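Asker: A predicted structure for the sequence below; I have some questions about it.
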Amino acid sequence: MCDFGEIKNLACASREEQKRFFCSFDHVLSDMDGVIWLAYKPFSGASECITGLKNLGKRVTFVTNNATVRIETMHQLLQKFQFPVNKEDIVNPSVGYIDYLKKKKFNKQIFVIGGQGLKDELLDAGFKLAPSSSDPIAETVPAVIEAIDDNEEIGAVIVDFDINLTLMKLQKCLTYLRRTDCLFIIGTGDKTVPFTQNGPIIGNHYFFQSLKEISGRNPYQMAKPSSDFNDIIVKKYFISDPSRVLFLGDSINEDMKFASIGGYKKLLVLTGSAKKEDILKWSHGESNKPDYYIESIGALNLILGMLKLNERL
Ligand SMILES: [Mg+2]
């Protein structure tokens, strides 16, 4: 377990070093998928670890790129599994989309590639959504031409994760994006999403990348690792000293990069997209390098238990 790769396993640090680590932050920003759970099945020791961190007086905020599920629903799930968090402690891209569109006083229709959870958040925030059905159309040229006709009432395209994504939905985006005043907003850009032991799900990266390439438009991203998404978090949680914030995540390109952009401390967990090989031979840029890695959130919980840090640090 304590091999000597380029990045230290926190479990192999001395007790003193571990204590110093836990004293070095006041606020934990934690990813969810691949860190506290996989396909909403919590890892062993996850809720205990979050409870332990909170008992030490640390603030814990969940920062996920998963906007398919409403924040309210995510909160209910966390409560079901005994995670001691409030609804206000969860941020996903829907928070960013709403903030951005409100700032722009946006009042046209939005074409959404995304799940019902995201659509409901946008509707509740008062936005109008254009129809985005996944129903099949006739496999004829006239039917395709009709389906991809422009609608100038649509002033923004949001490309998020959509289990029912279709070629026609992507094609419609391209039609709307031909108008340069149509906003192009994207969420998660993960190449893969850790899902089950059967392997990951193909991520949104490949879909918005094709839209970007064909339309020649540059999207505005409202998810990790975008600095615009970080600005929302800094403002929402009054983060004044990012060096006293720890980011706990499983993804190098999203979580570690986001932490690097935000100036946060970094702890990489190996139960999601990053693997042991990434640690043993780091090839993901010096700035994305985590301060430590840990095998699992359960291992982090064991350290907390062993340190017996009962007093608030
Ligand atoms: Mg993750």
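Answerer: It's in. Computed from a prediction, not measured in an experiment: that's the story for all the values here.
Asker: got a list of what S24 touches?
Answerer: 244, 246, 265 (C-beta atoms under 8 Å, 6 or more residues apart in numbering). Quick note: C-beta positions are derived from backbone N, CA and C, even for glycine.
Asker: Was I right to think the first one contacts D26?
Answerer: Yes - counting by C-beta atoms under 8 Å, a contact exists between R244 and D26, whose distance comes to 4.9 Å.
Asker: Residue of the stretch 1-150 of the chain closest to the ion, please.
Answerer: G34 (3.6 Å; C-beta to the ion).
Asker: show me what contacts that residue?
Answerer: 194, 249-251, 269, 271-273.
Asker: how near is I163 to G114?
Answerer: 10 Å (C-beta to C-beta, to the nearest Å).
Asker: Those two: who's more crowded?
Answerer: Taking neighbours as other C-beta atoms under 10 Å, I163 and G114 compare with G114 leading, 29 against 10.
Asker: Could you pull up phi and psi at G199?
Answerer: Dihedral pair for G199: phi 110, psi 170, per degrees, to the nearest 10.
Asker: when you give positions from now on, start the count at 11
Answerer: Happy to do that; since the first residue is 11 now, the last one works out to G209.
Asker: which residues does it bridge with?
Answerer: T206 (DSSP bridges).
Asker: which stretches of this protein form helices?
Answerer: Using DSSP state H, the helices found in the chain span residues 25-33, 56-65, 81-90, 103-113, 126-134, 151-157, 177-187, 215-225, 237-246, 267-272, 286-290, 307-317.
Asker: mind giving me a markdown table with these and columns for mean pLDDT?
Answerer: Shown next, in a markdown table, are the helices of the chain (pLDDT from 0 to 100):
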| stretch | mean pLDDT |
| --- | --- |
| helix 25-33 | 94 |
| helix 56-65 | 96 |
| helix 81-90 | 97 |
| helix 103-113 | 97 |
| helix 126-134 | 97 |
| helix 151-157 | 92 |
| helix 177-187 | 96 |
| helix 215-225 | 95 |
| helix 237-246 | 96 |
| helix 267-272 | 98 |
| helix 286-290 | 90 |
| helix 307-317 | 94 |
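Asker: out of those helices, nearest to G165?
Answerer: Taking C-beta to C-beta, helix 177-187 is the member of the helices of the chain nearest to G165, at 8.5 Å.
Asker: Please identify the buried residues of that closest one?
Answerer: 178-180, 182-183, 185-187 (16 or more other C-beta atoms under 10 Å).
Asker: which residues touch that helix?
Answerer: Contacts for helix 177-187 (C-beta under 8 Å, 6+ apart): 121, 123, 142, 144, 147, 154, 157-161, 164, 167, 169, 172, 192, 194, 217, 220-221, 224-225, 227.
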